[in-house]
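Student: Structure, please.
(2 chains)
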Amino acid sequence: MDVTNLNTMMIDILGEIGNIGSGNAVTALARMLSKRVDMNVPRVRILEFKDVAKVLGGEERLVVGIYLDLNRDISGNIMFILDLDSAINLTNMLLNRTERKDELDDMAMSALSEVGNILASSYVNSLSSLTNLDIAISVPSLAIDMAGAILSVPAIQFGYISDQVLLIETIFEEGNNSVKGNLFLLPDMVSFEKILSSLGVS
Amino acid sequence: MKIIKVGMADLNVVKTPGILTTLGLGSCVGIALYDKYNKVAGLAHAMLPSSKEIRNNENKAKFVDTGIELLIEKMIQNGAFKRNLTAKVTGGSQMFAFGKNNDILKIGQRNTLATKKKLNELNIQIISEDIGGNYGRTIELNAEDGLLLVKTIGHGVKII
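Tutor: Okay, the predicted model is just below:
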């Protein structure tokens, strides 16, 4: 199967999986922060390589990315991406910092990785119970850099099998608008087939 | 001056005056070729080391091996001579660090190795490089002098 072979129903199903998974993840984030967190309806996006970074506002935009590998029955990855301000605001909230810091120190980066871990676990847990597939996640890894450079990592994984990238994107926002981020699920093509067939679609 | 953007899995050629640029180069490799006598510049932004390992290989610019071949072909069409070409190589970062050996995450290193091997086979000399690390790069290749500007976030700006 190729990205271009997916029909509307398949894409709707992937979107619904994203909806359930990221709903769980966003609930976990709201609980961590004891604040309201809103999310959009997840979008399934199929993009040319050159357009991938446009999702985050251009190749050179500075972002914080937390990357986790998916393995066992499914392979692919989950990425949690924030702009720098959001990342700083989020860690100030999490660490109950009264004195506002303007950069990410080691403690803040470690806290962000843990947030990534919790979001990815909640996402994957619901995906796993929905499909009965065994899915494990790796430890999180964090990078602060240009959006293009960060997104080159999942894009390359798609490069092996396709000329396009398929991602399931959720945008979420903390109630006071101080934290805005993107959560991406990027399963590889073989995994799509597994996910779809586990749900009785082929 | 003409500024031409080269996207991921893409390549382009310009004869002076003009600049070729690629933004946010991460684990991909940026291959800059230049003919200083005819002032023809070429830039490829390749994602994967080899077209031979992969079934879906229609987009030649996606791979180091076929990308370099196609880039040279296009440069010759634009007035360059193969024997005049020199190369500058950038990119090939490892954006995310993991403890275990992970092929996917080491792709940056594999991309730069494949680039050096291919250029060596074609007898094209690499005159400078800025590769590896764990950060992204934006590069600009000027067709007037072949200078390559490398910009980073937090790791300085240099001309190679």
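
Student: Please count neighbours and contacts with C-alpha atoms only from this point.
Tutor: OK.

Student: Residues of chain B that sit close to chain A?
Tutor: Residues of chain B lying close to chain A (CA under 8 Å from any CA of the partner chain) are B:7-10, B:23-28, B:47-48, B:54-56, B:59, B:62, B:95-98, B:104-105, B:135-138, B:153.

Student: Mark which of these are part of strands, please.
Tutor: Mapping the residues of chain B next to chain A onto strands (DSSP state E) picks out B:10, B:23, B:24, B:25, B:137, B:138.

Student: Columns neighbour count on top of those residues, output as TSV?
Tutor: Output for those, formatted as TSV (neighbours: other CA atoms under 10 Å in any protein chain shown):
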residue	neighbour count
B:10	22
B:23	25
B:24	31
B:25	32
B:137	30
B:138	24
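
Student: Widest-spaced pair of these?
Tutor: Pairwise distances across those peak at 16.3 Å for B:10 and B:137 (criterion: CA to CA).

Student: Where does chain B get nearest to chain A, residue-wise?
Tutor: Residue of chain B nearest chain A, by CA to the nearest CA: residue B:26 (3.7 Å).

Student: Pull the contacting residues for residue A:201.
Tutor: By CA atoms under 8 Å, 6 or more residues apart in numbering or on different chains, the residues touching residue A:201 are residue A:10.

Student: So which residues of chain B form helices?
Tutor: B:64-77, B:107-121 (DSSP state H).

Student: want to throw those helices into TSV with mean pLDDT?
Tutor: Below are the helices of chain B laid out as TSV (pLDDT from 0 to 100):
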stretch	mean pLDDT
helix B:64-77	96
helix B:107-121	95
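
Student: Turn those helices into CSV, columns for mean neighbour count.
Tutor: Below are the helices of chain B laid out as CSV (neighbours: other CA under 10 Å):
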stretch, mean neighbour count
helix B:64-77, 21
helix B:107-121, 20
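
Student: Count the residues that sit near residue B:132.
Tutor: Residue B:132 has 19 neighbours, counted by other CA atoms under 10 Å in any protein chain shown.

Student: so who does the most centrally placed residue in chain B touch?
Tutor: In chain B, the centroid-proximal residue (CA atoms, centre = their mean) is residue B:31; its distance is 1.7 Å. Contact analysis of residue B:31 by CA under 8 Å, 6+ apart lists B:43, B:44, B:45, B:46, B:68, B:87, B:88, B:89, B:90, B:115.

Student: could you redo the last one with a cut-off of 7 Å?
Tutor: Taking CA atoms under 7 Å, 6 or more residues apart in numbering or on different chains, we find residue B:31 in contact with B:43, B:44, B:45, B:88, B:89, B:90.

Student: In TSV, list the residues you listed along with pLDDT and neighbour count.
Tutor: Below are the contacts of residue B:31 laid out as TSV (pLDDT from 0 to 100; neighbours: other CA atoms under 10 Å in any protein chain shown):
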residue	pLDDT	neighbour count
B:43	98	33
B:44	97	31
B:45	97	29
B:88	97	21
B:89	97	23
B:90	97	26
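
Student: Which pair of the residues you listed spans the longest distance?
Tutor: B:45 and B:88 (12.4 Å).

Student: So which residues on chain A come close to chain B?
Tutor: Counting by CA under 7 Å from any CA of the partner chain, the positions of chain A adjacent to chain B are A:49-50, A:59-60, A:141-143, A:145-150, A:152-153, A:156, A:160-162.

Student: Try it again at 6 Å.
Tutor: By CA under 6 Å from any CA of the partner chain, the residues of chain A that approach chain B are A:49, A:50, A:59, A:60, A:141, A:146, A:148, A:149, A:152, A:156, A:161.

Student: Quick check: the farthest pair among those?
Tutor: Using CA to CA, the two most remote members of these are A:60 and A:161, lying 26.2 Å apart.

Student: Please say which of those two ends up with more neighbours.
Tutor: Under the neighbour definition other CA under 10 Å, residue A:60 and residue A:161 were set side by side, and residue A:60 has more, 22 against 19.

Student: Can you tell me the SS state at the more buried one?
Tutor: coil (DSSP: H, G, I helix; E, B strand; the rest coil).

Student: Could you verify my assumption that it touches residue B:24?
Tutor: Yes. Using CA atoms under 6 Å as the test, residue A:60 is close enough to residue B:24 to be in contact (5.5 Å).

Student: Pull up the per-residue confidence for residue B:102.
Tutor: The per-residue pLDDT reported for residue B:102 equals 60.
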